[in-house]
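Participant: With the sequence up front, the predicted model follows.
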Amino acid sequence: MQSIDNKLFNIIKGTGKGYVFSGADFIDKFAGDNIDKALSTLAKENKIRRIMRGIYDFPKYSELLAQYLSPEIDNVAHSLARKFKWRIEPSGDTALYLLGLSTQVPARYVYHSDGPKREYDVLGNQLEFKKIALKNIGFKYAESALLVQAIKSLGKDNVSTEIIALLKQKIDNKLYPKIIKDTKTVTDWIYSIIKQVCQE
């Protein structure tokens, strides 16, 4: 019989390097106390990395830098959202960076949330959740929220054909019809741009 530690680590390995998670991600497979103990053991054995209280990752390693890379803050944000059962969306500046429309690394990664206002230090990166009205968060797909927030942040007159082309590259074309359906209630001018992005 495999130990819970080994079973859990095999699941984590199967998700691939860069995966960020909490015990809540495995509650359907193991008992809560057993998960916490197993994660603590795996972290002590340096098989996984503890990022902050209750949040871990399976870190990527850079041969060039000869060190483990920092976790992607977007993955950390979504891990916290799953843990606390929040719905979240990136703010405009954060969305622009995540989509590659801004090369400036945010001093603070900001997400809108239907949970409480929270701030975290993630290995030196600042992550903030701002509480907003529940009705303003409701997209089924994370990509929908990314597009809406990025386009809104850019402004109606600043979305060029080059930006639309770049956005098309960033979004999996299999999601195009789903995003069009998912965002149909947004402001007309934003929806018009999304339809251009999501045209085959």
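Facilitator: Thanks, I have it.

Participant: Helices of the chain, start to end?
Facilitator: When assigned using DSSP state H, the helices of the chain occupy the ranges 4-15, 32-44, 73-84, 92-98, 142-154, 161-170, 176-182, 188-197.

Participant: Which among those helices is found nearest to residue 125?
Facilitator: helix 73-84 (5.5 Å; Cβ to Cβ). Every residue, glycine included, has its C-beta placed from N, CA and C.

Participant: Let's test this: mean pLDDT of the closest one, rounded?
Facilitator: Helix 73-84 carries an average pLDDT of 96.

Participant: Give me the below-cutoff pLDDT ranges for this protein.
Facilitator: Within the chain, the ranges that satisfy pLDDT under 70 run 1-2, 134-137.

Participant: in this protein, which residue is closest to the centre?
Facilitator: Nearest to the mean C-alpha position of the chain, by Cα atoms, centre = their mean, lies residue 74 at 3.3 Å.

Participant: And that residue, how far from residue 122?
Facilitator: The spacing between residue 74 and residue 122, counted by Cβ to Cβ, to the nearest Å, is 11 Å.

Participant: again with residue 168
Facilitator: As for residue 168, its distance to residue 122 is 30 Å (criterion: Cβ to Cβ).
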